[in-house]
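Asks: How does the following fold in three dimensions:
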Amino acid sequence: MKIAIVGQQDFGKAVLEAFLARGDQVSAVFCAPEKEGARPDSLRVAAQDKGLKVHQFKSLKAPEAAEAMKAAGADIGVMAFVLQFAPQEFVKIPKHGTIQYHPSLLPKYRGPSSINWPISRGEKETGLTIFRPTDGLDEGAVILQKRTAVAENDTLGSVYFDRLFPMGVQAMLEAADLVVSSKHKEVVQDEAQASYEGWFREAEAKINWANHVDLIHNLIRGADPAPGAWTTLNGVKLQLFDSRKELVRTFGAVKGKVGEVVEAADDRLVITAQGGRIRAGKAKLGDGKKVTAADLVTSGQIKPGTLLGS
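Replies: As a prediction, this is how the structure comes out:
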């Protein structure tokens, strides 16, 4: 099979290596240009190390991009973590068109932060979709989907790196085989079930301690490790990670005010919220490094009675 890969970074590299490992031919690799000062794109580096033809167009809408795709003579195009817009006149050039990876169960959670949002909303299941790219963002026909459960303490990191990343690499191989052999089905997305969410960034990751403990726990999980759910400690940004929730069963079990640190000893950094308490296993204060709760407590930077977010 002759492949043209469009992508970037570690996921794109893993997809490239998976196709090569089983003997497929990669006739061209398309990567977005690195921004000044950014780390080298691992897909670009891997492709060049293997002597493959690499293109870095500022826009895939450029006539030069289409000409490069035509010259590749690919059986299928494979889009693996692509942030550039790929127009139809580009993706339809390969003999069997192009397929794209998206880390959600489309049509739900279209958009660029499709792993953060379902975790932050407490979804019990998520997954990935291989679909046909169209000019609408994540709106093309579905070819293949894989599902995975989301446990109570799963984070963005555990869901993506432990499951959606490796599952996605294998799903791209599977979908490419199905499409090239004409054994696939294309299912139009049900717009009645669709949702679009934008970027999950710093503003979306701010903790409101007046929210229910379930919401706060899910927010911290959905932002762990990035962008990092945050509050403030004496006006300084405090990011919290490795969250666990402790429900309060009776009025008499309530400790302190919402947002108050009620325990700061040993390995416990415990903060009161509505309906329970949040226990953070790791934290990052200001420009410091991410450390264990025990390290932050031992340093004396946070004490019982401290009110966060005030």
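
Asks: Straight-line length of stretch 209-218, end to end?
Replies: 13 Å (Cα to Cα, to the nearest Å).

Asks: For it, give me every contacting residue.
Replies: Contacts to stretch 209-218, defined as Cβ atoms under 8 Å, 6 or more residues apart in numbering, come from residues 119-122, 207-208, 219, 229, 231, 243-247, 258-259, 271-278, 308-309. (Glycine included, C-beta is placed from N, CA and C.)

Asks: now do stretch 260-275
Replies: 209-214, 216, 246-248, 254-259, 277-281, 283, 292-294, 296-297, 302-308.

Asks: For that stretch, what is the distance to the chain centroid?
Replies: Taking the mean of its C-alpha atoms, stretch 260-275 sits 29 Å from the chain's own mean (Cα atoms, centre = their mean, to the nearest Å).

Asks: now that stretch: mean pLDDT?
Replies: The average of the pLDDT scores along stretch 260-275 is 90.

Asks: Helices of the chain, residue ranges please.
Replies: In the chain, the segments counted as helices under DSSP state H are 9-21, 42-49, 63-72, 88-91, 116-120, 156-159, 165-180, 213-222, 293-298.

Asks: Pick out the residue closest to the middle of the chain.
Replies: Ile115 (4.6 Å; Cα atoms, centre = their mean).

Asks: Look at it and report its pLDDT.
Replies: Per-residue pLDDT puts Ile115 at 98.

Asks: Pop out the phi and psi values for it.
Replies: phi -100, psi -40 (degrees, to the nearest 10).

Asks: who's in contact with it?
Replies: Contacts of Ile115 by Cβ under 8 Å, 6+ apart are 103-104, 126, 156, 159-160, 164.

Asks: Let me have the residues you listed in CSV, extended by neighbour count, pLDDT and distance to Gly12.
Replies: Listed next are these as CSV, based on neighbours: other Cβ atoms under 10 Å; pLDDT from 0 to 100; distance: Cβ to Cβ, whole Å:
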residue, neighbour count, pLDDT, distance to Gly12
Pro103, 23, 98, 14
Ser104, 24, 98, 18
Thr126, 24, 98, 21
Leu156, 22, 98, 19
Val159, 24, 98, 19
Tyr160, 22, 98, 15
Leu164, 24, 98, 15
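
Asks: since we're on Glu152, how many residues are nearby?
Replies: Residues lying near Glu152 (other Cβ atoms under 10 Å) number 12.

Asks: ok, now how distant is it from Arg244?
Replies: For Glu152, the distance to Arg244 (Cβ to Cβ, to the nearest Å) stands at 9 Å.

Asks: Kindly report the same for Gly252.
Replies: 22 Å.
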